[in-house]
Structure formats: C-alpha cells, structure tokens
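J.: predicted coordinates and the sequence they were generated for:
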Amino acid sequence: MKEARGHYTPFWRTLWIVLVYLLAAGAWITWSDNLAERWFTDPHTLSRVQTWKGALFVAVTAGFLFAALYRQLRRDRLVERVLKERERQLATLMDNLPGMAYRCLNDRHWTMKFVSSGCYELTGYRPDELQDNQLLSYASLIDPEDNALIQSNIAESIVQQQAFSLEYRLTRKDGRQIWVWERGLAVEDGSETILEGIVLDNSEHKRLEQELAEQAIRDPLTGLINRRELSRLLNEEIRRAERYGRHLAVAWIDLDHFKRVNDHHGHAAGDTVLQWLSQLLTDSIRSVDVIGRVGGEEFVALFPEMDLEEAMEAAERLRKLVSHQGVTLADGLEVRLTISLGVALYPDHGGTAEELCIAADRAMYRAKESGRNRVVLAGPESSAAPAGMREV
Ligand SMILES: Nc1nc2c(ncn2[C@@H]2O[C@H](COP(=O)(O)OP(=O)(O)OP(=O)(O)O)[C@@H](O)[C@H]2O)c(=O)[nH]1
C-alpha cells in the first residue's frame, strides 16, 4: 500500500480521492434535497430548484475535475520536459567522456546492453558491434591474463555491494594494446545483475608510472641499476642460491686513478668514461649476470651460479678487456684506463648481501694496495666489517 518514504501508491491515492468524492457528493445530494423539500413545497418550483441544483453540482464537480486534470497534465508536461533535458545532458556528457560508459550483463562475455559513442575512440569498434556481442564480445578484447582477475574483483564487489575499480589491458581493433581503467557498480535489474560504469584509456598514466618505476631503480648517468636495486637483486639471488645449494659470486669493480680523468679532461669527460665503462661491462657479461653502479666510479657485478674458478675467470676477463681498450673523449683524445676488482663468493665469504659486499669491497682495496689493475679474491676473514667500509 505504501511506497518508500511513507508515500501512498497511485492506486490507493486515487481510491482515497474517489471515496471522499462519493461521500461529499452523497452528503450534498441528501442534505440539499432535504433542504429544498423543506423550503419549496410547491412541486413545480421544487422540480426547477432540483434541476438548478443538479446543474450547479455538475458545474462545481466539472470545475474540480478541470482543475485536477489541468494540474496533472501540466505536471506531466513539466516532468516530460525535465526528463528530455536530463536525457540530452546525459547524452552530451556520455558522448564527451574521454572513454566509454556502459551497461552490461554480469556474464562471461560481459555482454554489452548499452555502450556510449566513446567506444569507437577507445576500442576502434562501433557501439553496435559490441552491443549484444553482435560482432564480438567485450570480454574477447580483454587480455586473458587480466580477465580472471577482473571476474574475481567484480564477484567480490557484488558480495560487498561496493563499486569496483579495475586496471587491465585491452586489444583495440587495430591490434594495439592499451591500458584501461574501469570503475563500475553492480545493480539489480529485476532478477538480473547488471554492471554499469565507465572505461577510460589509462595508457599514458601507465606509461608514466612504468617510466617512474624504471627511473627509481636506474642510475641516470649510465642507465645501470642503482645501489638499492642491486641490493634487492643480490638478496634475491642469495635466497635462490641458498634454496638450490648453488654458488653466487660478487665482483666489486673500481676505476683506477679516475680522478685524473676529471682533473685533466674535465667532469664531462669523466662522465663519458663512466658511460663507456658501463656499456663495456654490460656487453661483456652473460644475460643472467647483472651490473650496477653503486658509487662514483664503483660498480658491482653479480654472477649467479658461478663457482670460485669461473668467477675469477670472469673478473679477469673484464679487467683485461678494460685495460686493452681505450676510450675516445669529446676532444678526440684517447684515454686508457684500468680497473681493480675484488671477488667474493657465496657462501664462502659471506652469507648475506652485506657480508658479501664488504668482502668484495675489501678485496678490491687489497687489489688497489697491490698496485691496481688486478683481481683479488676475498680472504676468509673478509666478512668481518671493518670500520668505514661501504655496503650495498
Ligand atoms: N665525472 C664524474 N666524476 C665522478 C662522478 N662520481 C664521482 N666522480 C669522481 O670520481 C673521483 C674518485 O676519485 P678517487 O676516490 O680519488 O679515486 P681514483 O682517482 O679513481 O683513485 P683510486 O680509486 O685510488 O685508483 C673523484 O674525482 C670524483 O669527483 C661522476 O658521476 N662523474
């Protein structure tokens, strides 16, 4: 009988008005008939009075009917106008969205029931091609790896009756893959669950995000991974070496007399040398090895699964390579440089990233002390950290 917020349904409101009308009309007829019969005893006059009374009743009820109908029709017209205006505003809004608005079924195809015109710019498909899976389903555009995650996220948001927010990859009609961001809500439509929301192209944001993540782990001058990332990778490699009972070698690499390059040729020339050395080292290691820049002219190489002999060989190879090559500076001058290397092995010279780096760094210092341009293996005492020794 009652609708939400205490309002009566149209049926009960109409019934109520009609009942009031019947009571009022019945009371008026009875009361006015009695009064007329009492006042007008002459039958002819009484008959005329009854006629005028009837006419008055019809005129008054017609007046009420007119007022009620006029009010209702005016209100209908107003509502119609407001609805049309809202519809127009909504259409403008949807057509100018930087993505597409949709309404779809919660099925494995994400069958689209409505898609705004922005669909064409976003996916390359016209709305009618996606609606009711006429040409293909929306699900078929989604990267299969992401689709499983989307399904579980939406299922969870339905249970929790909350809006969902998703990021996934979509393949456009031209074959280009883009990142999109979607926000939507599940609504009940009769016995069906319908999803309504918007999908926006998020590729630029994703690209910047990836660029920033990449910048956070790289040294801007050489493009090599930085100290923090190297430390993370070393810890990861140590865990792997521990799990599979394998070796792992670390080589601490330091340019010899690098200060002289800066002093004689300028800081820019020094930068060129650092870039040249980074490239040379990167080109000379295996694909599983990693080189990082951990300080001014200091580099660290990680050699996973290398035993003592292999690690010493690899380090020696790098030393020779650098000493046999020269770097040409911007002023045309060729400079020859050497490197000193300290090698430490997991688990022989340390069980943690810190211990290994201290051992390798210390061995590198011994290489410097012994005349530079050489490879020195860490000693058994290396893992004890001397004061002032640097760590990754
Ligand atoms: N051009 C340039 N120089 C740098 C950079 N970072 C550190 N340096 C320089 O690297 C030099 C390091 O000097 P030292 O620590 O004395 O080392 P070295 O001259 O190589 O001497 P040894 O290591 O003892 O052989 C300093 O002159 C720093 O200014 C950099 O990013 N660019």
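T.: That came in fine, so what should we check first? Numbering: from 1, shown residues only.
J.: run through the residues that contact the residue in the stretch 101-250 of the chain positioned nearest to the ligand.
T.: Relative to the ligand, the nearest point of the stretch 101-250 of the chain is Leu221 (5.6 Å; CB to the nearest ligand atom). Heads up, the C-betas are built off the backbone N, CA and C, glycines and all. Shown in contact with Leu221 (CB atoms under 8 Å, 6 or more residues apart in numbering): Asp271, Leu274, Gln275, Arg293.
J.: if we use 7 Å, what do you get?
T.: By CB atoms under 7 Å, 6 or more residues apart in numbering, Leu221 lies in contact with Asp271, Leu274, Gln275.
J.: now do Glu237
T.: Leu248, Leu302, Pro304.
J.: export those as TSV, with columns for secondary structure, neighbour count and distance to the ligand.
T.: Formatted as TSV, the contacts of Glu237 follow (DSSP: H, G, I helix; E, B strand; the rest coil; neighbours: other CB atoms under 10 Å; distance: CB to the nearest ligand atom, whole Å):
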residue	secondary structure	neighbour count	distance to the ligand
Leu248	strand	22	26
Leu302	strand	25	21
Pro304	strand	20	27
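J.: highest neighbour count among the contacts of Leu221?
T.: When neighbours are taken as other CB atoms under 10 Å, the top entry among the contacts of Leu221 is Leu274 (22 neighbours).
J.: you'd agree it is in a helix?
T.: Yes - with DSSP: H, G, I helix; E, B strand; the rest coil as the criterion, Leu274 is assigned to a helix.
J.: now do the contacts for it.
T.: By CB under 7 Å, 6+ apart, the contact list for Leu274 reads Leu221, Thr222, Glu297.
J.: what does whichever strand or helix holds Trp252 contact?
T.: In the assignment (DSSP states H and E), Trp252 maps to strand 248-255. Residues outside strand 248-255 that contact it (CB under 7 Å, 6+ apart) are 237-238, 241, 277, 297-306, 311, 315, 337, 339-346, 356-357, 360-361, 363-364.
J.: how about that strand as CSV, C-alpha atoms only?
T.: As requested, the backbone C-alpha atoms of strand 248-255 are provided in CSV (Å, rounded to 0.1, in the frame of the first residue of the first chain):
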residue,chain,number,x,y,z
LEU,A,248,77.0,-16.9,-6.4
ALA,A,249,79.8,-14.5,-7.0
VAL,A,250,80.1,-10.8,-6.5
ALA,A,251,82.8,-8.6,-8.1
TRP,A,252,83.4,-5.1,-6.7
ILE,A,253,84.9,-3.0,-9.6
ASP,A,254,86.6,0.3,-9.2
LEU,A,255,88.3,2.5,-11.9
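J.: and the next element down the chain from that strand?
T.: From strand 248-255 onward toward the C-terminus, using DSSP H and E, the following helix or strand is helix 258-265.
J.: next helix or strand past the longest strand anywhere in the chain?
T.: Identified as the longest strand of the chain according to DSSP state E is strand 177-189. For strand 177-189, the succeeding helix or strand toward the C-terminus, using DSSP H and E, is strand 192-201.
J.: which neighbouring elements make contact with that following strand?
T.: Identification of packing neighbours for strand 192-201 by 3 or more CB pairs under 7 Å, 6 or more residues apart in numbering; DSSP states H and E yields strand 99-105, strand 177-189.
J.: ranges for the helices of the stretch 1-150 of the chain?
T.: Under the criterion DSSP state H, counting those that start in this stretch, the stretch 1-150 of the chain carries helices at the ranges 10-39, 43-95, 119-123, 127-130, 144-160.
J.: how about the residues of this protein by the ligand?
T.: Within the chain, the positions adjacent to the ligand are 221, 254-259, 262, 267, 270-271, 274, 296-297, 368, 372 by CB under 6 Å from any ligand atom.
J.: selecting buried members of these in PyMOL, what would you type?
T.: Per 16 or more other CB atoms under 10 Å, the buried members of these correspond to this PyMOL selection:
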select buried, resi 254+255+256+258+262+270+274+297+368
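J.: looking at the residues of the chain next to the ligand, which is nearest Ala67?
T.: Checking the residues of the chain next to the ligand against Ala67 by CB to CB gives Leu221 as the nearest, at 85.6 Å.
J.: wait, is the closest one part of a helix?
T.: No - assigned with three-state DSSP, Leu221 falls outside any helix and is coil.
J.: hang on, Asn106 packs against Leu195?
T.: Yes - using CB atoms under 7 Å, Asn106 is in contact with Leu195, at 5.6 Å.
J.: overlap in contacts, those two.
T.: Taking CB under 7 Å, 6+ apart as the criterion, Asn106 and Leu195 both touch Ile154, Ala186.
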